[in-house]
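Colleague: generate a structure from the sequence data that follows.
(one chain, ligands or ions: 1)
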Amino acid sequence: MSTAVILAGGRSTRFGNRDKAVADLAGTPIIRRVAESVDEAVDAVVINCRADQRAAIESAMEGSRTPIRYAEDERPDEGPVAGMLAGLRAVDTEYAFVVACDMPFVQPLLIEYLFERAVGHDAAVPRLDDGWFQTTQAVYRAAAMADACQATLDAGERKVTAALDRIEYITVGEAAIREHASLRTFENINTREELAEAAAAFET
Ligand SMILES: Nc1nc2c(ncn2[C@@H]2O[C@H](COP(=O)(O)OP(=O)(O)OP(=O)(O)O)[C@@H](O)[C@H]2O)c(=O)[nH]1
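Modeller: Numbers count the residues shown, from 1 in each chain. All right, here's what the predicted structure looks like:
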């Protein structure tokens, strides 16, 4: 049994005055696209958001075949580590796939592969040839990573990589990733221009 946690508690500042999680991407809210993709690879989906986002996200998910649980931030605006903490504490499976709400190209085959690779470790984290850790598209042992996120916040740190330093994880390299997904899986939408480009990809 496995869970996906979708992080949606950010302020979308580069996106303008609207929450990108519920923005329309070729006829479907972005977060709904993410939920419906991850749903193919997991048994349960948890959405982390602020209390004030909840109604709009619930409305974006209305009628979806994916049953959703919500994990609201205890305190808003504490960063992605706090979002992971709230989301992972709501997980009742050993492992969880964590993904940002703005990654609509996320690919289920990669998720399944990351779950396989994580067995026996606290996490399996993609790391591309550019050296970048893809922490918002990775599988974590939920309790271990939640504890690490708490310790990170307690230490006054905000980077997800600071939480990684507190667990035992493996990295999954670009060649292995390419066997299961195109690198587009990691593309995220920060601006209206990026939304328009992504919409063109979904419409073709
Ligand atoms: N719970 C929570 N999640 C956050 C917070 N900040 C960012 N996130 C999430 O972390 C992920 C990566 O963040 P960004 O891509 O920078 O998104 P963002 O912060 O909404 O966008 P910008 O304001 O434009 O940077 C997204 O899924 C966000 O929803 C936060 O303060 N709390």
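Colleague: dump the C-alpha coordinates for the lowest-mean-pLDDT helix or strand in the chain into CSV.
Modeller: Within the chain, no helix or strand scores below helix 192-203, which has a mean of 94 by mean pLDDT, DSSP states H and E. Output in CSV follows, covering the C-alpha atoms of helix 192-203 (Å, rounded to 0.1, in the frame of the first residue of the first chain):
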residue,chain,number,x,y,z
ARG,A,192,1.5,32.2,-16.7
GLU,A,193,3.9,31.8,-19.7
GLU,A,194,4.9,28.3,-18.4
LEU,A,195,1.2,27.5,-18.0
ALA,A,196,0.5,28.5,-21.6
GLU,A,197,3.5,26.3,-22.8
ALA,A,198,2.2,23.4,-20.8
ALA,A,199,-1.3,23.8,-22.1
ALA,A,200,0.0,23.7,-25.7
ALA,A,201,1.7,20.3,-24.8
PHE,A,202,-1.6,18.9,-23.4
GLU,A,203,-3.7,20.1,-26.3
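Colleague: run through who's touching that helix.
Modeller: 15-16, 20, 23, 25-26, 30, 104-105, 184, 187-189 (CB atoms under 8 Å, 6 or more residues apart in numbering). The way it works is simple: take the backbone N, C-alpha and C, and place the C-beta from them, glycine included.
Colleague: then stretch 15-22?
Modeller: 8, 12, 23, 29-31, 49, 53, 56-57, 59-60, 101-102, 189-192, 195.
Colleague: go with 10 Å
Modeller: Stretch 15-22 is contacted by residues 6-14, 23, 29-32, 34, 47, 49-50, 52-53, 56-61, 100-102, 188-192, 194-195 when judged by CB atoms under 10 Å, 6 or more residues apart in numbering.
Colleague: those residues: which ones sit near the ligand?
Modeller: 7-14, 100-102, 188, 190 (CB under 6 Å from any ligand atom).
Colleague: just the buried residues of those.
Modeller: Buried members of these, counted by 16 or more other CB atoms under 10 Å: 7-10, 12, 100-102, 188.
Colleague: make JSON lines out of the residues you listed and add distance to residue 200, secondary structure and pLDDT.
Modeller: Below are those laid out as JSON lines (distance: CB to CB, whole Å; DSSP: H, G, I helix; E, B strand; the rest coil; pLDDT from 0 to 100):
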{"residue": "7", "distance to residue 200": "25", "secondary structure": "strand", "pLDDT": "98"}
{"residue": "8", "distance to residue 200": "24", "secondary structure": "coil", "pLDDT": "98"}
{"residue": "9", "distance to residue 200": "28", "secondary structure": "coil", "pLDDT": "98"}
{"residue": "10", "distance to residue 200": "24", "secondary structure": "coil", "pLDDT": "97"}
{"residue": "12", "distance to residue 200": "21", "secondary structure": "coil", "pLDDT": "94"}
{"residue": "100", "distance to residue 200": "21", "secondary structure": "strand", "pLDDT": "98"}
{"residue": "101", "distance to residue 200": "20", "secondary structure": "coil", "pLDDT": "98"}
{"residue": "102", "distance to residue 200": "17", "secondary structure": "coil", "pLDDT": "98"}
{"residue": "188", "distance to residue 200": "16", "secondary structure": "coil", "pLDDT": "97"}
